[in-house]
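J.: 3D model of this:
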Amino acid sequence: MLEVVPIDMTAQHTRLVKAMGAEDTSVRLQAAMAVGANADAVFLESLVERCAVEPDFFVRDMLSWALTRLAPETTLPRLRQELGSGCGQARSQALHTLSKIKDRTTWGWITRDLLRDADDEVARTAWRVAVILVPEAEERGLAEELVRQLGRGDRDVRLSLSRALVDLGEASRPALERAAGHPDPAVSTHARATEVLRRNPEAGFDAAIEEAKRTVVLGPERGAAEA
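T.: As a prediction, this is how the structure comes out:
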């Protein structure tokens with residue numbers, strides 16, 4: 001695919017843009033670092049487009065850092081546009097960059113569709129950034145929305161959701177208590193394990209899950225006695 005370079009780029013700009021698409025991961029990483037150090041808005045589109053296709057986690061993180069180096073009034077509208085992309089990685093990386101910028105005026109951009117995204121990576125990132133940006137008055141509402149995802153996905157997905165709910169603190173307790181009585185054992189177990197972690201953040205996730213499973217199967221009194 002022929003790479004289109006903005007006409008207002010200098011030769012140095014063009015070299016850096018091409019280097020961000022190099023085969024060598026270290027070259028791409030160095031290029032993203034140089035673009036961030038340069039902090040020139042001419043790189044905005046190239047950075048956003050590269051975020052959507054970059055395969056390496058560390059390079060993606062450097063691309064996000066480079067975006068945070070640009071003026072928010074330049075970067076934020078483009079990130080908002082990217083949240084509606086049909087590419088999951090584009091949505092996820094835009095959310096990740098918002099979590100680094102931490103502009104609370106963007107809270108309203110974290111929609112239910114993103115929190116419920118079918119792509120696990122997008123949803124996990126949306127949960128994390130939502131907790132960072134949520135106004136205090138909206139915390140319980142966010143917790144109510146997040147508990148709808150209890151029981152979803154593999155261990156990593158469930159751990160991400162539990163961490164988000166734990167980070168909401170007391171605001172998540174009522175929603176978790178109600179979810180603990182859910183008829184689906186996967187939901188109930190996840191809710192109970194998350195409440196264990198909320199009360200004791202030092203408890204391990206796997207241990208909390210096992211404790212919750214005993215409680216679901218045996219009942220609260222016997223589960224506690226056999227713990």
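
J.: residues contacting the nearest residue to R28 once chain neighbours are set aside?
T.: Nearest residue to R28, sequence neighbours excluded (Cβ to Cβ, 6 or more residues apart in numbering): V59, at 4.9 Å. The C-beta positions use only the backbone N, C-alpha and C, and glycine is treated the same way. Counting by Cβ atoms under 8 Å, 6 or more residues apart in numbering, V59 touches 25, 28-29, 32.

J.: tell me the mean pLDDT over the helix or strand where V59 lies?
T.: Assessed by DSSP states H and E, V59 sits inside helix 57-68. Mean pLDDT, helix 57-68: 98.

J.: What residues sit buried inside that helix?
T.: For helix 57-68, burial by neighbour count (16 or more other Cβ atoms under 10 Å) applies to 59-67.

J.: Now rank the contacts of V59 by neighbours and give me the top one.
T.: When these are compared by neighbour count (other Cβ atoms under 10 Å), A32 ends up highest, at 29 neighbours.

J.: so what are the domain limits for the protein?
T.: For the chain, automatic domain parsing gives the domain ranges 1-73, 134-227.

J.: Reformat the ones you listed as TSV; add distance to T106.
T.: Below are these laid out as TSV (distance: least, Cβ to Cβ, whole Å):
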stretch	distance to T106
domain 1-73	9
domain 134-227	11
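
J.: nearest to R116, of these?
T.: Evaluated with Cβ to Cβ, those place domain 134-227 nearest to R116, the distance being 7.0 Å.

J.: starting at the chain centroid, how far to that closest one?
T.: Centre-to-centre, domain 134-227 and its host chain are 19 Å apart (Cα atoms, centre = their mean, to the nearest Å).

J.: Low-confidence ranges, this protein, go.
T.: 1-9, 218-227 (pLDDT under 70).

J.: give me that answer again for 80
T.: Within the chain, the ranges that satisfy pLDDT under 80 run 1-10, 215-227.

J.: Mind listing residues that contact stretch 136-155?
T.: By Cβ under 8 Å, 6+ apart, stretch 136-155 touches 107, 112, 115-116, 120, 123, 127, 130-131, 134, 158, 161, 164-165, 168-169, 171-172, 174-176, 178-179, 182, 184, 186-187, 189-191, 194, 205-206.
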